[in-house]
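Novice: Sharing a model prediction with you, sequence too.
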Amino acid sequence: MDDDKAADPVVIELAGRTAIADYMVVASGTSARHIQAMAEHLVEKLESKGLKGIRIEGADQGDWVLIDGGDIIVHLFRPEARIHYGLEKMWGADWSAPEAARA
């Protein structure tokens, strides 16, 4: 995700808190196309590491893409949608939206 310039990535450890996954990653992209490209690249990288059964939702819209890799779930948001859904707050992660995104 660093190569694709994902903004404000946050890793949330879920192990012991829920059975859905061990980790959740939340990051922002600058546009729908940016988010779609990040999602495509991330899926390619995960598959190249041997991960199978990856599921993707929301790639057609591009405001919010969910990548379910089993033990890791990745959410890629446009900044406004990220603030609206507040996943970091829901899971108790230490993150504050950049000032520009809150305006």
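Specialist: Great, that's in hand. Being a predicted model, the structure only gives us computed values, none of them experimental.
Novice: A helix includes residue 65, no?
Specialist: No. Under DSSP: H, G, I helix; E, B strand; the rest coil, residue 65 falls outside any helix and is assigned strand.
Novice: Which strand residues bridge it?
Specialist: On DSSP bridges, the residues paired with residue 65 through beta bridges are residue 76.
Novice: doesn't residue 55 make contact with it?
Specialist: No. In this structure, residue 65 sits apart from residue 55 without contact. The criterion is Cβ atoms under 8 Å, and the distance is 11.2 Å. The way it works is simple: take the backbone N, C-alpha and C, and place the C-beta from them, glycine included.
Novice: Any idea which residue is closest to the centre of this protein?
Specialist: Of all residues in the chain, the one closest to the mean position by Cα atoms, centre = their mean is residue 75, 2.2 Å from it.
Novice: Let me know the helix or strand that the closest residue to that residue other than its chain neighbours is in.
Specialist: Closest residue to residue 75 in three dimensions, ignoring its sequence neighbours and counting by Cβ to Cβ, 6 or more residues apart in numbering: residue 26, at 4.8 Å. Residue 26 is part of strand 23-28 when elements are defined by DSSP states H and E.
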